[in-house]
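# Sequence isn't available, so here's the structure alone:
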């Protein structure tokens, strides 16, 4: 008789199971993302009222949040603070080498390519995205999503696709407001706080502000908004475990979306600006 087969080590079993579960989760997320994106066509046909409600709720907020303007004020405040930080750090650094006149160039270069898109993406994840995860998670644990499915409502297009479209639509004016706030904060910090001539600042700012950089940054912000909304709707839609599970889902969604925002920013910077940066200095 042959000897009995030796059992597989428990550690190997646990490791293999974790890999399989991770691979299955990737497949589930990809399937959910595909259904959400495909469901956007139904939003414009069947769920226009829900789309408008989501846009109003995400932009200005409801209840007490409506008094301060909701996400719009948060994005403007964050980007203006980053623009002020750009003025504080770069003016002193450039002044040390005697080229403080290039502060306008630094604003046109850093705010457009790096600061404004990153801050807007982080703000979307921390405000709109976290709110969507909490809302969908609360609906899941209260069996409201199951109730919608019982009455033959397709929950992914109705709940997730509407929030995806609303987040992308809202991300367009939010990025524009955030970029203008960053430009204005850097200009005021350089010309008022440090006393640089407005003519010198505007000359270098207008000279080095490339319209194509603004367009690419705009497209980058739309991509960030899409990824953020997809991630947060998935974690909210699949939340479980009661109120504690909803809180855990919000934390995981924020972590995943922040990582996604930085990865998108990194690959766009490497792919578009990585070779030469688009700058030709001579003198």
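That came in fine, so what should we check first? Being a predicted model, the structure only gives us computed values, none of them experimental.

# Counting neighbours, what do you get for residue 57?
Residues lying near residue 57 (other Cβ atoms under 10 Å) number 20. (Glycine included, C-beta is placed from N, CA and C.)

# could you point out which element follows the helix or strand hosting it?
Assessed by DSSP states H and E, residue 57 sits inside helix 48-60. Tracing the chain past helix 48-60, the next element assigned as helix or strand by DSSP H and E is helix 71-96.

# Need the residue closest to the centroid of the protein.
Centroid-nearest residue in the chain: residue 121, 2.8 Å away (criterion: Cα atoms, centre = their mean).

# Show me what stretch 80-93 is in contact with.
Contacts to stretch 80-93, defined as Cβ atoms under 8 Å, 6 or more residues apart in numbering, come from residues 100, 103, 106-107, 110-111, 115-116, 119, 181-190, 193-194, 196.

# picking up where we left off before, if we look at the helix holding residue 57, which residues are touching it?
43-44, 66, 69-72, 128, 131, 158, 162-163, 165-167, 169-170.

# tell me the angle of that helix relative to helix 71-96?
For helix 48-60 against helix 71-96, the angle by axes from the mean of the first three to the mean of the last three Cα atoms, to 10 degrees is 40 degrees.

# and the nearest residue in space to residue 175 that is not next to it in sequence, how many residues sit next to it?
For residue 175, ignoring the flanking residues on the chain, the nearest one in space by Cβ to Cβ, 6 or more residues apart in numbering is residue 221 at 4.0 Å. Number of residues near residue 221 (other Cβ under 10 Å) recorded here: 26.

# And for residue 183?
Around residue 183 there are 22 residues (other Cβ under 10 Å).

# And it, how far from residue 108?
8 Å (Cβ to Cβ, to the nearest Å).

# ok, now residue 79?
Distance of residue 79 to residue 108, computed by Cβ to Cβ: 15 Å.

# Tell me which of those two has more neighbours.
Neighbours per residue (other Cβ under 10 Å) separate residue 79 from residue 108, with residue 79 holding more: 28 against 21.

# distance between the helix holding residue 57 and the chain's centre?
Its chain's C-alpha centre and that of helix 48-60 lie 18 Å apart, by Cα atoms, centre = their mean, to the nearest Å.
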